[in-house]
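[1] Predicted coordinates and the sequence they were generated for:
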Amino acid sequence: MPRKPNIAVIYFPGNNCEEESLKAVLATGMEGKIVRWNDRRGIEKYDGFVIPGGWGYEDRIRAGVIMAKDPVFDIIRKEAENGKLVLGICNGAQALVECGMIPGLKNNVEMALAPNKNPFVSGYYTTWVYVKSAEEKNRCAFTGFTEKNEVIPIPIAHGEGRFTTKDNELIQKLIKNKQIIFQYSTKEGKIEESFPTNPNGAMHNIAAICSKKGNVMAIMPHPERASFIRQLPDIVDLKNKFAGNLTAMEEPAPAMHIFKSMKNYIDEEVL
Amino acid sequence: MGGVDVELIDIKGMSDNALKEFLRKNAVSLNVFEARKIVELIGRNPTITELYIFNTQWSEHSSYKSSRSVLKALLPMNAPNVILGPVEDSGIVELGYINGERYGIVVSHESHNHPSQVVPYEGAATGVGGIIRDVLCMGAKVIATADPLRFGDPNGKNKNRVKYIANEVINGIAGYGDAVGIPNICGDVYFNGSFDENCLVNVVCLGIVKEKDIIHSYAPKNAEGYDIVIVGKATDNSGFGGAAFASLILDEKDRESNRGAVQVPDPFLKNVIIRASYAVFEEARKKGIELGFKDMGAGGIMCSTSELCSDGNYGADIDLDKVNASMKNLPPYMIACSETQERFAWICPPEFTKTLLKIYNEDFELPQISLGAGAFAVGKVTKQQDYILRHSGKIVCNAPIKSITSGIKYDRAKKAPKRNFKEPNLKEPDDYNKILLSVLKHPNIASKAKAYKHYDTSVMGNAVIETGYADAGVMKAVDNAAFGVALKTDCNPRYCKIDPYWGAVSAVAESMRNVAAVGAIPSALTDCLNYGNPEKPEAFYDFYEGVRGIADAARNLHYKGTTYPVPVISGNVSFYNESASGKAIDPSPIIACIGILKDYSKAITMKFKKENSTLFLVGDRKDELGGSVYYDVNDELGAVVPIIDFERERNMIYAVIDAINAGLLLSCHDISDGGLATTVSEMILGGDADGEIGAEISLDFINLRNDKALFSETSGFVFEVEDKNIERLTNLFRFYKLNLIRLGKTTGNKLMISKKNKQIINLPILKLKEAWTTGFAEALE
């Protein structure tokens, strides 16, 4: 029997979503472990990496900047160049953008995750939103179970989550390369640029971007907080439908597909 | 009597007047009697360090000197489900058994009122930080926080400062909680002119621990020779005198000079310390090592190390030169008593000390993460029960440890203040639509989304019902079982202003209704008792009546299935919430209720789920609108507050819990602020105000005037039921001797209320939404 894929969830000082990220990883049948930033010896042995949310290095200077300069990131980048999977969630996504791995077209920083533009709450904002899958199934290693145009309920929790760039042509390039994976949408899948559908003013409603090869993804919303039915709020019918049904509550919710897809990809492509 | 190597302060030789002047000049808040008492206790004049130590320990904040006897005499703190009552840093109530092991919910509830009035961002942030430490140090996994807040009148004469404080407090809670990564699962906010110069910032925190893994806040057995280790941020002068400061009357003029007493928050460092401490717990459990662990809060190193050793019947010998201080030349009393944040004290057997230091200093690199931070062995536990502090090779404090920790006690006088409140003679309104919208828009009723959407409510991934969607927040308690924990805080200051006893009873009852409304059994209470100056007999009377109300409610609203009380397992007293002009806040015994669900999947929210379900009311409407929002929008206070009929209240709470756990209800919401009309409006809207199912209800069941029927805040519940479940539900309520009142149906996209076929209210959902979602936001602007 082939071994199970093994994932390292990296804890940088200040991260705070490492445990629930690991739980989502384990629930797919993969193996995994939380690895401290300074315990990097031998992390090349892992099949993939999750960089979780939080405030790595206190978001000093700017969210994700110092994380991106940590020696462990050099290893992760190298492993990603060899095709290993890297999923950056929220603060992890900010670090992937800050180190240039996302979108990864040039060998430097091409985008930024800027402070939210939000007419209701300035600064940090937590809420449930919907994201729509913008590309065909299997476009990247994280959408093996997600049909194009599928709408997923998922929470955001960030102050600096607005994907933006000064490069006027970059968004067009990303569309052409099919690198924009999730976009903020209405429940019905309509892309509206205005608040609250677009909760932070991200360009082109971008919620997640993958690398050109599709093995690295930066996602601002939190799939690990929307991976089980019980985690969903009552604005999502799926939750109400299973009220009182404990077994169903522990079943995967749509965002779990992101982690499940990682497992599938590693099973098929690597092991 | 222990010897010291430094100069003594000649208290014995000073006249009363000279002593008074000396104390004032040195910012010591002890009175002359108390200062002389030190001499009596230690058998000689004190050193300056000893004087500051007693000053801190005998502050109201640390010693509960005015409140202790009342709390002890009245509050029910024991019940079979109590694992640990209010004797250490947190209380612990039983969650249940999992694979034969007993699990507990660790709860702590504190105030950070005075600091938040002076520097609101830092004050609120360090409040959150402190309460997390109280729970963590019991060996618990920290799972949730909550924040009851009270601000001044956003339209009154101090509105600019009130709005500034409210916004900064909310930012401070967010800034700390979001970064440290503990979800905020509930809270409540009231605006009221009595809080203009004294905002209230209470904080509640929950954790989970196995009973056998509890780490106590005292040195374990055979601890003689154990190391005293302090861990965390480098000690500075911040917060020196904080405990004494919390026990002063605030003068807005002194705002600037009081700033020094406020601590500086560092949630980033705390985030790392929490994880490192979890690693220590794990390692100690693996090796079977018994430790003592305590938060370093009020009174700093001195308070936590003296209590750790004293409560285990030991003494301590500490070298202050070994403390990691970030400032040079700090005087010994400052190192001993400063309230620098993000610190803890451990009592550790020497064979484990190396491991403990390695986890903090090397594995988690505290010294690299924050300048000067880390874990350091600073002293030893001694058999001789003296508290010895050394500095620059000299003994600067040497006093019997029990004299430092046993505190001081007063029996304060109480006298009922004059309360000449009258019921208003209001004309019946002719436009009920307008009245309902103004009630929904009232900042005490309106959606608090603008505050809690600023907080991280879903981090850790265990939220089942996040803030705002129901009467209480609900978390999945542990990974390996179905238990859910519900939490809600309550207290209506206007009821307490009219009647401090019934106001407190209502706070307890409402908090229990709130957790029942999600299906959880009220299992424990905490109280944070916020009052004025206890040296004034009128203020002390209000305090006494509040405690009596909590006690009566906790005793009479039994823990479900027993005749035991719902125990009070943690709490805090905050006195001196009074402005310099002598105006006290409205009495505010803020209650948190911890509810437990055997199966979290049964938990329901307040939002209507289906068209054409039947709406029921339990709880007759009564003419008791004193303190109501309806009176407030008419600029009245009134005199007749809701009275809780304990037997009926108990039965309502039990019936609702049973109905929810039997799966008979689709949605449920308690009736409190804003009355029946508000309850139904909020059920239409739901937490995110995105509801699309309206309601048609009739008031034919009642003989009260329509405004009283719609807005009376008499306790009760409204719930939504599918027709197929009505018979079972009726039987269930009959068992509890309760009548179900059929209110109407869920239908359409409006709220329609009529009586005897005459329309009283007819409002589209959008109008309800507009009022409910803007009132609080406007109060903050």
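    Great, that's in hand. Just so it is clear, the structure is predicted and the values come from calculations on it, not from any experiment.

[2] what's the nearest residue to the residue of chain B found nearest chain A if we skip its chain neighbours?
    Closest contact between chain B and chain A, by C-beta to the nearest C-beta, is at B:G181 (2.5 Å). C-betas here are computed from N, CA, C, even on glycine. Take B:G181 and drop its neighbours on the chain: the residue closest to it by C-beta to C-beta, 6 or more residues apart in numbering or on different chains is A:N16, 2.5 Å away.

[3] same thing with B:Y64?
    B:Y64's closest residue in space is B:V573 (C-beta to C-beta, 6+ apart), at 5.8 Å.

[4] again with B:L440
    Per C-beta to C-beta, 6+ apart, closest to B:L440 is B:A771, 4.1 Å.

[5] That neighbour: neighbour count?
    Residues near B:A771, counting by other C-beta atoms under 10 Å in any protein chain shown, number 22.

[6] Model confidence at it, what's the number?
    Looking at B:A771, its pLDDT stands at 98.

[7] what kind of secondary structure is it in?
    Judged by DSSP: H, G, I helix; E, B strand; the rest coil, the three-state class of B:A771 is helix.

[8] Surely it touches B:P443?
    No: the pair B:A771 / B:P443 is not scored as a contact, 11.5 Å apart, by C-beta atoms under 8 Å.

[9] Torsion angles phi and psi at B:T126?
    Phi and psi for B:T126, reported as degrees, to the nearest 10, are phi -70, psi -20.

[10] in terms of contact, does it touch B:R343 like I think?
    No: with contacts counted by C-beta under 8 Å, B:T126 stays clear of B:R343, the gap being 11.9 Å.

[11] When the two are compared, which one has more neighbours?
    B:T126 (31 against 26).

[12] Could you list which residues are in contact with the more buried one?
    By C-beta atoms under 8 Å, 6 or more residues apart in numbering or on different chains, the contact list for B:T126 reads B:112, B:115, B:176, B:262-265, B:341.

[13] now swap in B:D266 and tell me
    B:129, B:233, B:341-342, B:370.

[14] ok, now how distant is it from B:S326?
    12 Å (C-beta to C-beta, to the nearest Å).

[15] after the helix or strand of chain B with the lowest mean pLDDT comes which helix or strand?
    Lowest by mean pLDDT, DSSP states H and E among the helices and strands of chain B is helix B:255-258, with a mean of 50. Once the chain leaves helix B:255-258, the next helix or strand it forms, by DSSP states H and E, is helix B:267-287.

[16] list the buried ones in that following helix?
    Of the residues in helix B:267-287, B:267-281, B:283-284 count as buried by neighbour count, 16 or more other C-beta atoms under 10 Å in any protein chain shown.

[17] Give me the phi and psi for the residue nearest to B:G181.
    Given degrees, to the nearest 10, the pair of backbone angles that A:N16 has is phi -140, psi 10.

[18] Specify the local secondary structure of A:Q183.
    Classification of A:Q183 by three-state DSSP places it in strand.

[19] A:A68 contacts A:G92, correct?
    No: A:A68 is not in contact with A:G92 according to C-beta under 8 Å; the separation is 10.3 Å.

[20] The two: who's more crowded?
    Per other C-beta under 10 Å, whichever of A:A68 and A:G92 has more neighbours is A:G92, with 31 against 24.

[21] ok, B:G407 - how many residues close by?
    For B:G407, the neighbour count with other C-beta under 10 Å is 16.

[22] low-confidence ranges in the stretch 401-550 of chain B?
    Of all residues in the stretch 401-550 of chain B, none has pLDDT under 70.

[23] hang on, B:V464 is in a strand, isn't it?
    Yes: counting by three-state DSSP, B:V464 is located in a strand.

[24] pLDDT wise, what is B:I42 at?
    The model reports B:I42 with a pLDDT of 93.

[25] Which residues are in contact with it?
    B:1, B:50, B:399-400, B:403.

[26] taking those one by one, which sit in strands?
    Cross-referencing those against strands under DSSP state E gives B:399-400.

[27] Pick out whichever of the contacts of B:I42 sits closest to A:N198.
    Among the contacts of B:I42, B:E50 lies closest to A:N198 (C-beta to C-beta), at 61.8 Å.

[28] Pull the contacting residues for the closest one.
    Contacts of B:E50 (C-beta under 8 Å, 6+ apart): B:4, B:38, B:42, B:396-397, B:399.

[29] Return a ChimeraX selection command for the buried portion of the contacts of B:T126.
    ChimeraX command restricting the contacts of B:T126 to the buried ones, with burial defined by 16+ other C-beta under 10 Å:
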select /B:112,115,176,262,263,264,265,341
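
[30] where's the dip in pLDDT among the contacts of B:T126?
    B:V262 (66).

[31] Helices of the stretch 101-250 of chain B, start to end?
    According to DSSP state H, counting those that start in this stretch, the stretch 101-250 of chain B carries its helices in the segments B:113-118, B:120-136, B:159-180, B:242-245.

[32] Switch these over to JSON lines; also include distance to B:N492.
    Formatted as JSON lines, the helices of the stretch 101-250 of chain B follow (distance: least, C-beta to C-beta, whole Å):
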{"stretch": "helix B:113-118", "distance to B:N492": "18"}
{"stretch": "helix B:120-136", "distance to B:N492": "22"}
{"stretch": "helix B:159-180", "distance to B:N492": "18"}
{"stretch": "helix B:242-245", "distance to B:N492": "29"}
